[in-house]
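Visitor: Predicted coordinates and the sequence they were generated for:
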Amino acid sequence: MTDLTINGSRRSVDVPDETPLLWVLRDVLGMTGTKFGCGIAQCGACTVHLDGVAVRSCQLAVGDVGTQAITTIEGVGATPEGAKVQKAWLDLEVIQCGYCQPGQIMSAAALLAANPAPNDAAIDAAMAGNLCRCGTYVRIREGIKHAARS
Amino acid sequence: MRAKTLVFSVAGAAVVIGVVALGVVGWMVLQPGPYGFAGGDPVALADYKGASPTGLPVELASADPATTREYIARMGDCEACHTAKGGQPFAGGRPFVLPFGTIYTPNITPDPETGIGTWTDAQFLDAVHRGIAPDGSRYYPAFPYPSYTLMTDEDVLAIKAHLFALKPVRQENKPNTFAFPFNQRWLMAIWATLFNPDERFRPVPEQSPEWNRGAYLVEATGHCGECHTPRNLMQALDQRRKFGGGVAEGWSAYNISADKVSGVGDWSAEQLAAYLAAGHAKGRGAASGPMGEAVELSLSHLTPSDIAAIVTYLRSVPPVAGDLPALAGAAPATPVLASLDNPVGQRVFQGNCASCHDWTGAGAVRSEAQLTGVRGVNDPSGTNVALMVLHGSGPTWPGHPYMPGFGHAYSNAEVAAVANYVTARFGAAPSGLTAADIARLREME
Amino acid sequence: MLRDLEDNHGPALSRRALLRGGAAVLGGLMIGIELPVRRARADEPASTGAPLNAFVHVPPEGRVELIMPSVEMGQGAYTSQAMCLAEELDIGLDQIIAIHAPPDQPKYGNPLFVVQATGGSTTTMAWTEPLRKAGATARAMLVAAAAAEWGVDPATLTTEKGMVSDPGSGRTLAYGALADRAATVPPAAEVTLKDPAQFRLIGTPAHRIDTPDKAVGKTVYGIDVIRPGMKFAALMASPVIGGTVARVDDAPALAQPGVRQVVVLDDLVAVVADNTWAAQQGLAALVVDWTAGPHAGLDQAQLWADIEKASQGPGVVAQKEGEALAALNGGTLFEASYELPFLAHTPMEPLNCTVHVHDGQCEIWVGTQVPGFCQMGAAKALGIDPSKVSVNNHIIGGGFGRRLEADYAKIAARIAAKVDGPVKVTWSREEDIKQDILRPLYHDRLKARVENGKVTAWHHRVTGASILARWLPPAFKNGIDGDAVDGAVDSPYGFDSVLVEYIRHESPVPVGFWRGVGPNSSVFSAESFLDLIAKQTGVDPVDFRRGMLDKTPRALAVLNAAAAKARWGTPAPASPSGARVGRGVALMHAFGSFLACVADVAIADSGDVRVTRVVIAADVGRVINPDIVVAQIQGGATFGITTVLHDAITIEGGSIQQSNFHDYRLIRIDEMPAIEVEIIGSTEKPGGIGEPGTVIVQPAVANAIFAATGVQLTRMPVDPARIAKAV
Ligand code: FES
Ligand code: FES
């Protein structure tokens, strides 16, 4: 049994330690907001926070989580940055198909928590790991600035 | 008179050159054996009192014949070289790009026409011990028979039995592309006379049984020196600089002597064992390129006692100083500070690399992804970093480190830039790779 | 690799033919297939309200249910369709629930395709009028019900925000209260639609209805379906196109923790497990020998050579005006060829499908652009009647044409047939790419005669596979694939004589629709060719185009708008990304829309190209939601920049060489230029907008590269080494 703290609640799962957190969230716990896109850390769709830092859950073995707090798209709205980003995303209608957006929002929220007023270079550095096939990048950039201002 | 003087001078010069050349060749030929550094008084295997260092490890003492044969074939790591990328195992066709041309490994499945299905035991022994093909022609020492020559007849024939139990694959051998004079295979007979002792492994009674087993695994079957020992002018291993570092298919095969700066002298036994058995030791990086294959196809299949024996032996190899700098320490985390005036490198890094390696190079989620403290990253040539970026590290096999290769979709300039970025940010000194360098590295594949 | 190329999907007409033929043709061709309607959804709203018509169901309480004929895959279709319905129904977007249409071709068949499909940028073109009518009809029924209730003349009643009011008495009734009675009112044959001057929703940048759930991770995509007792499967098809399974050793897979079952079909293997990871690990451990089959020798160089050869053969005439061939016998002549590679779709949501086969029934949960095809495909795969197959559609995490195919539903059904209980099959990204049904190769060959600065004769020959011939056979008429030549025929330019020909050239590589479809090649080639002519005749590319647009003022207007906004005529600004900079233009008329684009590029000595700015002007006819139009153009252009800079699928040894995003490269945010969009106001019929942005940006970028380096991009995508060598 592995104990996890996800969005402030304790959950226990019975899976091999090397199972990536992504699949524990999606398939074992039914928390499907976190998305599978590539499985090799190239797309960012699976991004969650580990103690507030954005990480790719497809690479994170559940056995390596330990006591670190996990935040997912379902819970990030409870953080000030998460709420700001989600609101900015709706105000500016950033989202198209939306499949990449949980990952985009998690990366953006972690960026704002670390850097409340990011410039373009900081946005690039934090967001370049998140692919969007619909092409919402132009609005993601605006959305982060909008959230930072609010 | 004048003409005479000239003749004498030429003759004199020729003699001098000849003597010098003989001296040089002699210096090369008359070097210590692969484990001569250990001293002692090696004895014939039959005269050795301890447990036999050859054959199987203790764990497999009572294994069935199929397991036995496969294990010994794994020890010899035949599969890596005799399998083309995406091809049938052991069917050959893998290119080796050497300075004088490209050589393709042959089919060693038991197909009677294109493989080795008709070979007798004696022919197989001749090939493996002496580099002589059934038709009497000579193999190039890209085939490591000067190492394999140390193997016992039993072990060589166990490998043959393993190969003959494989499914025959019909696949014609590809001719090599050597130009004159390197296409003169008969020259190899001279080479072999000089550089292949054609002698079986002789244990050293003064050393522990574990050391002797390690020596057999490293020198005879594992043929580690073929990549990790530098070569002399005659392309023979320079045992005086044993394990001081060499080249394998364009990759730097780093110093694995006990040197503390360039070698593995400050690796713990546990780190060495983990690296060999699992392809990764925390803080030391992951085996990739040809070493990744050696781990995948050979070392990861060895028993714990054999891995321990290899470690014991490796740690006894005297230090050979290298010219690589000491490993750099931790790197700063702030990406914006780290632009290093290499915007292309930073762009590729932030998009494709940071998710796993982290901005600190410490590994974002998996320790295998640590860049700091890794030899390749601290190699100012940047070669292995660039090759990693191009080709990634091997196939995914469960529980082992994996990195995708970016060579297909990223330009030479981008690959060079990100390799330079990585060495500059996480290594001891920045590399200065250019797009042309990457174009050359691509051709090694 | 599993492909269903023999498949076709019933009678219908091509989009273009239908656009030309008009509604009269439609009536006669609506040979629908009667399909059952079942609504069992996983976590998706199900309709409970009284049906006033196919699109409007009104429950007694709560929000009005709008049944969405086109599926939402990011393009904003749910919002724009809801706006059309809500406009005429006089309700707010906050008063609705959007529900996916079930497979039901007679009710929800796309008026332009007949079949029930979302694609080809047709949603707005096809559905604006029918949905407005449906809204207006439903409103009339609700008003009639209220009038009957109150005994007044319906004409005296007003509607607002879901209420019917009697201004005379001040009485009001909510739609919900009137629903049952309204459902019994016979719908009027004719309804009057609102005067556009009265629009409250249409034409406004109303917020999307699908995005709030997406922002919080609540949206249930197909991949998120969870059924009681469901298992998870990972699969692998033959890496070689057309290959089959020779032998499987399943013991190592079954030894993996969590693995339950190995399913072996003739052309693929699947591992069923307690979760997707366990299934993937089982698959990695599975030992499979494949039989390569007849296509093991396919390779890209040969495929290029084959299509080039085919392009020299006889073609079928797709458009002929005047005697172009005769005119091309003399004068100043130009000639060029352009090649476009295979491309993968890589929607961010990998292919997936959940199926439960039991008791002679098949239940499917999936995100699809073609629910009816999924139903028929699964029925065929299982050998059962389509009425036994139910399809529960879901919001799609990116379609781009990939989900216009039902192959993945069929595959999942075949796997599920061997599994006890529901099973979710999730393609790894690697399999998603290797089993893709690719954008075809195209070879476009062009010739032109130029007199007095104008093209007087134009010969455009398009060579490529026909997707329609497989996908919608009735639309493939007289040897012409209307999609493949879309954008080549009906050029906006006034050339004196025109000959457009089509050569159908198939290879064993399975191909399908891909964002931008046929115009991707036609417009790219034509616009590149025009720049070649402009350069060789020493005229400005914008002036050159302007001179041939007297008959198409809408095209001229977008060209002028884009040129003005981009300050055409000034040099492209210097960039740190490269010393060579260039500016290029392109113009198009396809999907019923007119677009012009100006792109700036910077090129490094290494040949690496960076797009630094994109300006697009668009006339898409009457706009339902301008913000969605802008978003679609931005997104489409981003897709197109990836295409022109980075992507090609290549085949070696019969296998697709690419596998994931490290070798099939998508543009990232740090390579993105600014994209500025200007919408030209228009009251013309609405055109499509999901795809034009993708189409138009490609030639604009290629022309900018041409301007900067003198190197034309004659084979996509950009090859930095080639540019580096040339400069
Ligand atoms: S699924 Fe983890 S980064 Fe793509
Ligand atoms: S919104 Fe569709 S992939 Fe980003």
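Guide: Yes, it's here. Ligands and ions are numbered 1, 2, ... in the order given.

Visitor: OK, contacts around the spatially most central residue of chain A?
Guide: Closest to where the C-alpha atoms of chain A average out (C-alpha atoms, centre = their mean) is A:Met106, at 2.8 Å. A:Met106 makes contact with A:Thr47, A:Val48, A:His49, A:Ala54, A:Thr71, A:Thr72, A:Ile73, A:Val76, according to C-beta atoms under 8 Å, 6 or more residues apart in numbering or on different chains. For glycine as for every other residue, the C-beta is placed from the backbone atoms N, C-alpha and C.

Visitor: what does chain A have sitting close to ligand 1?
Guide: Proximity of chain A to ligand 1, by C-beta under 6 Å from any ligand atom, involves residues A:Phe36, A:Gly37, A:Cys38, A:Gly39, A:Ala41, A:Gln42, A:Cys43, A:Gly44, A:Ala45, A:Cys46, A:Arg56, A:Cys58.

Visitor: circling back: hang on, the residue nearest to the centre of chain A in a helix?
Guide: Yes - using DSSP: H, G, I helix; E, B strand; the rest coil, the assignment for A:Met106 is a helix.

Visitor: Check the burial of residue 100 by counting its neighbours.
Guide: Let's take chain A. Counted with other C-beta atoms under 10 Å in any protein chain shown, residues neighbouring A:Cys100 total 28.

Visitor: Hmm, no, I was thinking of chain C.
Guide: 27.

Visitor: Chain neighbours aside, what residue packs nearest to A:Gly52?
Guide: A:Ala113 (5.7 Å; C-beta to C-beta, 6 or more residues apart in numbering or on different chains).

Visitor: what about the residue nearest to C:Phe495 when sequence neighbours are not counted, helix or strand, and which?
Guide: Distances taken as C-beta to C-beta, 6+ apart put C:Trp458 closest to C:Phe495, at 4.2 Å, once the chain neighbours are dropped. Under the criterion of DSSP states H and E, C:Trp458 resides in strand C:454-464.

Visitor: quick one: strands adjacent to that strand?
Guide: Here strand C:454-464 is paired, per DSSP bridges, with strand C:442-451 (antiparallel), strand C:497-504 (parallel).

Visitor: Could you dump the ones you listed into TSV and include mean pLDDT and distance to B:Phe182?
Guide: Shown next, in TSV, are these (pLDDT from 0 to 100; distance: least, C-beta to C-beta, whole Å):
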stretch	mean pLDDT	distance to B:Phe182
strand C:442-451	98	44
strand C:497-504	98	50
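
Visitor: Quick check: the gap between the residue nearest to A:Gly52 and A:Gln59.
Guide: 21 Å (C-beta to C-beta, to the nearest Å).

Visitor: Name the residues that touch the strand or helix carrying B:Ala309?
Guide: Secondary structure assignment for B:Ala309, by DSSP H and E: helix B:304-314. Contact with helix B:304-314 is made by B:57-59, B:75, B:208, B:210-211, B:213-215, B:217-218, B:222, B:243, B:256, B:264, B:269, B:272-273, B:276-277, B:299, B:302, as judged by C-beta under 8 Å, 6+ apart.

Visitor: Could you give me the buried positions within that helix?
Guide: By neighbour count on 16 or more other C-beta atoms under 10 Å in any protein chain shown, the buried set for helix B:304-314 is B:Asp306, B:Ile307, B:Ala308, B:Ala309, B:Ile310, B:Val311, B:Thr312, B:Tyr313, B:Leu314.

Visitor: Just give me the closest of the residues you listed to chain A.
Guide: B:Ile307 (21.3 Å; C-beta to the nearest C-beta).

Visitor: Spatially nearest residue to the residue in chain A that chain C sits nearest to (excluding sequence neighbours)?
Guide: Nearest residue of chain A to chain C (C-beta to the nearest C-beta) works out as A:Gly33 at 2.2 Å. Of all residues beyond its chain neighbours, the one nearest A:Gly33 is C:Gly217 (2.2 Å), with distances taken as C-beta to C-beta, 6+ apart.

Visitor: So that neighbour is in contact with A:Gly103, correct?
Guide: No - contact criterion C-beta atoms under 8 Å: C:Gly217 and A:Gly103 do not qualify, at 10.2 Å.

Visitor: if I look at the two, which residues touch both of them?
Guide: Joint contacts of C:Gly217 and A:Gly103 (C-beta under 8 Å, 6+ apart) are A:Thr34.

Visitor: Out of these two, name the residue with the larger neighbour count.
Guide: A:Gly103 (28 against 24).

Visitor: Domain ranges for the chain, per the record?
Guide: Reading this off chain A. With domains defined by automatic domain parsing, chain A comprises A:2-71, A:76-149.

Visitor: Chain C is the one I meant
Guide: According to automatic domain parsing, the ranges for chain C are C:34-215, C:224-293+C:351-426, C:302-342+C:439-726.

Visitor: Which one of those domains lies nearest to B:Trp186?
Guide: domain C:302-342+C:439-726 (36.9 Å; C-beta to C-beta).

Visitor: is ligand 2 contacted by the closest one?
Guide: No - judged by C-beta under 6 Å from any ligand atom, domain C:302-342+C:439-726 stays clear of ligand 2, getting no closer than 7.8 Å.

Visitor: what's the next secondary structure element after the strand holding C:Trp458?
Guide: Beyond strand C:454-464 toward the C-terminal end (DSSP H and E), the next one is helix C:468-471.

Visitor: on that earlier part again, mean pLDDT lowest for which of the domains of chain C?
Guide: Across the domains of chain C, domain C:34-215 has the smallest mean pLDDT, namely a mean of 89.

Visitor: Report the distance from that domain to the chain centre.
Guide: Remark: domain C:34-215 is offset 24 Å from the chain centroid, using C-alpha atoms, centre = their mean, to the nearest Å.

Visitor: ok, and does it reach over to chain A?
Guide: Yes - using C-beta under 8 Å from any C-beta of the partner chain, we find that domain C:34-215 touches chain A at C:Met73, C:Gly74, C:Gln75, C:Gly76, C:His207, C:Arg208, C:Asp210, C:Thr211, C:Pro212, C:Lys214, C:Ala215.

Visitor: May I see those arranged in CSV, with secondary structure and distance to C:Ile91 as well?
Guide: Shown next, in CSV, are those (DSSP: H, G, I helix; E, B strand; the rest coil; distance: C-beta to C-beta, whole Å):
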residue, secondary structure, distance to C:Ile91
C:Met73, coil, 24
C:Gly74, coil, 24
C:Gln75, coil, 23
C:Gly76, coil, 19
C:His207, coil, 15
C:Arg208, coil, 16
C:Asp210, coil, 17
C:Thr211, helix, 19
C:Pro212, helix, 18
C:Lys214, helix, 22
C:Ala215, helix, 23
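
Visitor: Filter the residues you listed down to the buried ones.
Guide: Counted by 16+ other C-beta under 10 Å, the residues of domain C:34-215 next to chain A give C:Met73, C:Gly74, C:Gln75, C:Gly76, C:Arg208, C:Asp210, C:Thr211, C:Lys214, C:Ala215 as buried.

Visitor: rewinding a little: can you lay out the domains of chain C as a markdown table showing distance to A:Leu22?
Guide: A markdown table is the format used below for these (distance: least, C-beta to C-beta, whole Å):
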| stretch | distance to A:Leu22 |
| --- | --- |
| domain C:34-215 | 19 |
| domain C:224-293+C:351-426 | 8 |
| domain C:302-342+C:439-726 | 15 |
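
Visitor: thinking again about what came up before, and after the helix holding B:Ala309, which helix or strand comes next?
Guide: Next along from helix B:304-314, by DSSP H and E: helix B:343-348.

Visitor: Can you tell me what sits against that next one?
Guide: By C-beta under 8 Å, 6+ apart, the list of residues contacting helix B:343-348 reads A:124-125, A:128, B:335, B:338-340, B:406, B:410, B:413-415, B:417-422, B:424, C:576-577, C:604, C:608, C:670-671.
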